[in-house]
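# Here is the input, now give the coordinates:
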Amino acid sequence: MNGPCQHYYRASLGGESAYSIDPSSVVFGRGSLRELGDHARSLGLRRVGVFTDPAVRRQPFFASAERALLRAGLELAVFDAVRIEPSDVSFVEAGRFAAEGRFDGYVSIGGGSVIDTTKVAALLATHPAELLSYINAPIGEGRPVPGPLPHHIACPTTSGTGSECTGIAICDLTSRKAKTGIASRRLRPSLAIVDPDVTKSLPSSVVASSGFDVLCHAIESFTARPYTARNASSPATTRPMSQGANPFSDMGSLEALRLSGAHLVRAVTDPSDDDAREAMLWAATLAGIAFGNSGVHVPHGMAYAVAGLVKDYRAPGYPDDHPMVPHGLSVVLSAPSVVRVLGKLLPERHHEVAKALGLSVDAADAGEALAEHLRSLMKACSLPSSLSEVGYGPSDVEALVEVTLLQRRLLENAPRPIDRDDLSALFSDALS
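Numbers count the residues shown, from 1 in each chain. Modelled structure (predicted):
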């Protein structure tokens, strides 16, 4: 077996000896959103629920997509009340719309919030149940999605979440002040139509936050515990979607890192750099496919606490009707602290990450170099680079740790066990 760090996948007694490859169906290219009607019709759709948010609905490309669906002879109903950084309440509201609409398929046009909302709306309409019954344990019951969902065509308009290629949907659980979600292969959209032209109107702050989500997806996917470290699945069909790092996910992660290293700052600082924004959208797609098959780990687990316990921070370029730490920002704020620690455990894997980002360092110094590089990129993109800059202080560490400990699915995908003391040290380091 060829590829980087293949000894990372040494067999272990009783461990997994195979991994699953679940690639997404993707159409990528400038102007591809105009093909939406053709693809919807080819899937046999007749009555479609179209999900978006108010800002996206005002964009010319949304009207173009709507016309493409109507030209294909489809009946449409539009839900444009998607909440940026969705909550359990907004998920349920969207599910009610989907149930009342009696749709045979769905189209999402927007960022990760829109795509995730569409996934859950389709789930609640097709297999009605309390939302908490599907939410990941231990916060919810973690009940499996009981059957197939209608076709969902996801059309991302931001270059970061990769949600168009994953079976994951994330929300704020308002009663617990925690971010959490649902994970199932059945949530993965049937098709992603990824059109770089739609990113031209994105504010630089949104490009920055979503771009760091790409970086962290790729880093975490590549440094997740190896699939061989998991107990073998029995029966084999129960193999989890987040199965750990594997040679397939490695390929997407490293290319996403290479593209991000070369284009992220350009895409943020020069809105007219179409090549850079297209490269970041492709990187987001690759990273989405990668972590959709491997999973992410500690920085994302910590991010759900950072976003869920937000006080009064409001990010430029995002809706200001409620406090919010945008997802990509909430992830990268803790990422330097995590790579600094895990780089000592996995110097070769972190060395591969550093090289993909264009750094020239020794393996022994890779974790520290990556931490400093991430912080320098955050500053170059005019983002906060510490938790204190988004309103947290030492007195918040205990609460942040408690919420993160609920993210069992993510913490168990880390390359080594992560306990309360580890998280306390990581959050304390990320404050400064």
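
# How far off centre is the helix or strand bottoming out on mean pLDDT in the chain?
Counting by mean pLDDT, DSSP states H and E, the weakest-scoring helix or strand in the chain turns out to be strand 178-183, with a mean of 89. Centre-to-centre, strand 178-183 and its host chain are 12 Å apart (C-alpha atoms, centre = their mean, to the nearest Å).

# What distance do you get for the closest residue to Gly181 other than its chain neighbours to Val331?
In space, and not counting its chain neighbours, Gly181 is closest to Ile170: 4.0 Å by C-beta to C-beta, 6 or more residues apart in numbering. From N, CA and C alone the C-beta is placed, and that goes for glycine too. Distance of Ile170 to Val331, given as C-beta to C-beta, to the nearest Å: 11 Å.

# So if I had to pick from those two, which one is more boxed in?
Of the pair Ile170 and Val331, Val331 is the one with more neighbours under other C-beta atoms under 10 Å, namely 29 against 25.

# Quick one: end-to-end distance for stretch 136-145.
End-to-end distance for stretch 136-145: 11 Å, by C-alpha to C-alpha, to the nearest Å.

# Am I right that Ala121 is in contact with Glu100?
No - the criterion here is C-beta atoms under 8 Å, and Ala121 misses it with Glu100 at 10.8 Å.

# And the pLDDT at the residue nearest to Gly181?
On pLDDT, Ile170 comes in at 94.

# just checking, what packs against the host helix or strand of Val306?
Val306 belongs to helix 298-308 when assigned by DSSP states H and E. Secondary-structure packing of helix 298-308 (3 or more C-beta pairs under 8 Å, 6 or more residues apart in numbering; DSSP states H and E): strand 168-173, strand 178-183, helix 204-223, helix 327-332, helix 335-345, helix 397-405, helix 408-411, helix 420-430.

# Off-centre distance for that helix?
Relative to its chain's centre, helix 298-308 lies at 12 Å (C-alpha atoms, centre = their mean).

# One more: stretch 423-432?
The answer for stretch 423-432 is 23 Å, by C-alpha atoms, centre = their mean.

# swap in stretch 249-265?
When C-alpha coordinates are averaged (C-alpha atoms, centre = their mean), stretch 249-265 and its chain have centres 15 Å apart.

# tell me the contacts of the closest residue to Gly162 other than its chain neighbours?
Residue nearest to Gly162 in three dimensions, not counting chain neighbours: Gly288, with 2.0 Å by C-beta to C-beta, 6+ apart. Residues near Gly288 by C-beta atoms under 8 Å, 6 or more residues apart in numbering: Ser24, Thr161, Gly162, Ser163, Glu164, Cys165, Thr166, His217.

# By neighbours, which of the residues you listed wins?
Using other C-beta under 10 Å as the neighbour criterion, His217 leads these with 34 neighbours.

# these two touch, right, that residue and Ile289?
No - when contacts are counted by C-beta under 8 Å, His217 is not listed as touching Ile289 (9.9 Å).

# Find the residues that touch each one of these two.
Gly162.

# just to revisit the earlier point, now flag whichever of the contacts of Gly288 is closest to Val145.
When those are compared for distance to Val145 (C-beta to C-beta), Thr166 comes out closest, at 13.8 Å.

# Please tell me I have it right and the closest one contacts Ala290.
No - here Thr166 lies out of contact with Ala290, judged by C-beta under 8 Å, at a distance of 9.9 Å.

# one step back: could I get whichever helix or strand comes after the least confident helix or strand of the chain in PDB with only the CA atoms?
Note on strand 178-183: by DSSP H and E, the next helix or strand toward the C-terminus is strand 191-194. The C-alpha trace of strand 191-194 is given here as PDB (Å, rounded to 0.1, in the frame of the first residue of the first chain):
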ATOM      1  CA  LEU A 191     -26.000  15.100  -5.500                       C
ATOM      2  CA  ALA A 192     -23.900  18.100  -4.900                       C
ATOM      3  CA  ILE A 193     -23.800  20.900  -7.500                       C
ATOM      4  CA  VAL A 194     -20.800  23.000  -6.700                       C
END
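
# Could you check how far the residue nearest to Gly162 is from Gly112?
9 Å.

# list residues touching both of these two?
Jointly contacting Gly288 and Gly112 under the rule C-beta under 8 Å, 6+ apart are Thr161, Gly162, Ser163.

# Hmm, Cys216 and the second one touching each other?
If I follow you right, that is Gly162. No - shown here, Gly162 and Cys216 do not form a contact pair, counting by C-beta under 8 Å, at 10.8 Å.

# all strands of the chain, in order?
According to DSSP state E, the chain carries its strands in the segments 26-28, 47-51, 75-79, 105-110, 151-156, 168-173, 178-183, 191-194.

# okay, the ones you listed in CSV with distance to Arg239 next?
CSV is the format used below for the strands of the chain (distance: least, C-beta to C-beta, whole Å):
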stretch, distance to Arg239
strand 26-28, 23
strand 47-51, 30
strand 75-79, 34
strand 105-110, 27
strand 151-156, 23
strand 168-173, 16
strand 178-183, 13
strand 191-194, 23
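
# quick one: which of those strands is nearest Ile418?
Nearest to Ile418 among the strands of the chain is strand 178-183 (16.9 Å), distances taken as C-beta to C-beta.

# related to what we said a few turns ago, rank the helices and strands packed on helix 298-308 by mean pLDDT and give me the bottom one.
Of all the helices and strands packed on helix 298-308, mean pLDDT reaches its minimum on strand 178-183 (a mean of 89).

# Adjacent strands (with direction) for it?
Paired neighbours of strand 178-183 in the sheet (DSSP bridges): strand 168-173 (antiparallel).

# centre of the chain versus the strand it pairs with, how much separation?
In this view, strand 168-173 has its centroid 11 Å away from the chain centroid, taken as C-alpha atoms, centre = their mean.
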